[in-house]
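**Q** This is a predicted model, with the sequence first.
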Amino acid sequence: MSADPRMSARFEELARTAHARLGGAAAGAEEGDAALRELLVLWLDGDPYALPVERVREIVRLRPITPVPRLPEAVRGVISLRGEIVQVIDLRRRLGLPPGDTVEGRSRHRIVVLHGDDGQMAGLLVDRVSEVLRTRADALRAPAGRETEAVAALVPYGERFVSFFDVDRLLDLGRRPEPVGEP
């Protein structure tokens, strides 16, 4: 099955946009009196989530992941990205969501490669990536109720909300969210 060149170009453009915004340019853009935030919208289990664009290095297609023993359950393994070793975290596992590896959906899976706080890179395995969402910083709302501790805010997204992740908390694998369905 060959890849659609238009989709490849779209994801390459998303990655270039994200990379160009490094250094805080996305968080500091001004429109009137309100600062704008640019968020990369990704999907898991049919629901949208968001990451700060300035932390995204690139978006790559799903590729073979080499398992590494004795890592936390959320870590699928590692990939080689232009000679660099990148740890891949299954975001579904990290958030306690049910597995979603269906054969027909795997072609849309992506690995979102992030810059870590310590200069290291980490990849997040997601179902798909859709867009860069621009929103006013004052539109960010505190998460309600029992949101996972990795969620920093909720952002309006059409008729629903997007959970906006705190990347550092998300990559802290010492934190263990409660599995779905448990009180």
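**A** Noted; the coordinates are in hand. Residues are numbered from 1 along each chain as shown.

**Q** going forward, measure contacts and count neighbours with C-alpha atoms only.
**A** Noted.

**Q** Could you give the number of residues near L125?
**A** By other Cα atoms under 10 Å, 23 other residues sit near L125.

**Q** pLDDT wise, what is it at?
**A** As summarised for this prediction, L125 has a pLDDT of 96.

**Q** cool, the one 4 residues further on as well?
**A** V129 carries a pLDDT value of 95.

**Q** Also the one 4 residues further on?
**A** On pLDDT, L133 comes in at 94.

**Q** gap between it and V41?
**A** 7 Å (Cα to Cα, to the nearest Å).

**Q** So these two - more neighbours on which side?
**A** Just comparing L133 and V41: by other Cα under 10 Å the higher neighbour count belongs to V41, 22 against 16.

**Q** Correct me if wrong, but the more buried one is in a strand.
**A** Yes: the assignment for V41 is a strand, going by DSSP: H, G, I helix; E, B strand; the rest coil.

**Q** I'd say it and D127 touch.
**A** No: the criterion here is Cα atoms under 8 Å, and V41 misses it with D127 at 11.2 Å.

**Q** can you list residues touching both of those two?
**A** Between them, V41 and D127 have no joint contacts when contacts are counted by Cα atoms under 8 Å, 6 or more residues apart in numbering.

**Q** can you pull out the helices in the protein?
**A** 5-20, 25-28, 91-95, 167-171 (DSSP state H).

**Q** Going by mean pLDDT, which of those helices comes out lowest?
**A** Within the helices of the chain, the least confident segment by mean pLDDT turns out to be helix 25-28, at a mean of 42.

**Q** List the residues that contact H115.
**A** H115 neighbours (Cα under 8 Å, 6+ apart): 55-57, 121-122.

**Q** nope, E73 is what I was after
**A** E73 touches R93, counting by Cα under 8 Å, 6+ apart.

**Q** Kindly provide the distance from it to D45.
**A** According to Cα to Cα, E73 and D45 sit 19 Å apart.

**Q** got the buried residues for stretch 37-57?
**A** For stretch 37-57, the buried set under the neighbour-count rule, 16 or more other Cα atoms under 10 Å, comprises 37-44, 48-57.
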